[in-house]
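> model the structure of this input:
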Amino acid sequence: MRAGNFAVGNTDNVRERCALIDFDRYVEQAKSYGEWSAGHVDMSSGRIDGLSYRLYRHTAESEDVIVVYHGGGVNSAAGYDVLARQLAVVPTLAVCLVDIRGHGDSAGEKGDG
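Okay, the predicted model is just below:
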């Protein structure tokens, strides 16, 4: 099975789990997806040069990384967890959510480049 350009291994219900977010049922869907992905996706967090990040990886070895920067004055905790977990079910892919300066857990003032 393939999801986008990435080969997907024997992952249960990948098509259903990677469906578009249903905003009418977002909270319910996010909770369900978080519980399901717990056995398939590892999450670690840290800080480099004052920038806070969360790294999501499939339990297999990752070959590629997608870096996600939020916009709109929010931070990486604003629903991006669901996106990161959906992408990280692909065995060769890791996803890194980064809080820009002055947002979330990152140091600095908003607008501080």
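
> pLDDT value on the closest residue to residue 80 other than its chain neighbours, please?
Once flanking residues are discounted, residue 80 sits nearest to residue 97: 5.2 Å by CB to CB, 6 or more residues apart in numbering. Every residue, glycine included, has its C-beta placed from N, CA and C. Per-residue confidence (pLDDT) for residue 97: 90.

> from here on, call the first residue 40.
In the new numbering, first residue 40, that becomes residue 136.

> so residue 136 makes contact with residue 121?
No. Shown here, residue 136 and residue 121 do not form a contact pair, counting by CB atoms under 8 Å, at 11.0 Å.

> the more surrounded of those two?
Between residue 136 and residue 121, counted using other CB atoms under 10 Å, the more crowded position is residue 136 (25 against 16).

> got the contact list for that one?
Neighbour list for residue 136: 92, 93, 94, 95, 107, 109, 115, 119, 120, 123 [criterion: CB atoms under 8 Å, 6 or more residues apart in numbering].

> what's the neighbour count on the first one?
Applying other CB under 10 Å, we find 19 residues neighbouring residue 92.

> quick one: what helix or strand has it in it?
Per DSSP states H and E, residue 92 falls inside strand 90-97.

> what sits up against that strand?
So strand 90-97 is contacted by 79-86, 115, 120, 123-124, 126-140, 143-146 (CB under 8 Å, 6+ apart).

> what's the following helix or strand after that strand?
In N-to-C order, the element after strand 90-97 by DSSP H and E is strand 103-108.

> skip ahead from that following strand and say which helix or strand is next.
helix 119-127.

> which positions within that following helix qualify as buried?
For helix 119-127, burial by neighbour count (16 or more other CB atoms under 10 Å) applies to 119, 120, 121, 123, 124, 125, 126, 127.

> could you export those residues as TSV, including pLDDT and distance to residue 66?
TSV is the format used below for the buried residues of helix 119-127 (pLDDT from 0 to 100; distance: CB to CB, whole Å):
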residue	pLDDT	distance to residue 66
119	78	15
120	80	12
121	79	11
123	86	17
124	83	15
125	82	16
126	85	20
127	85	21
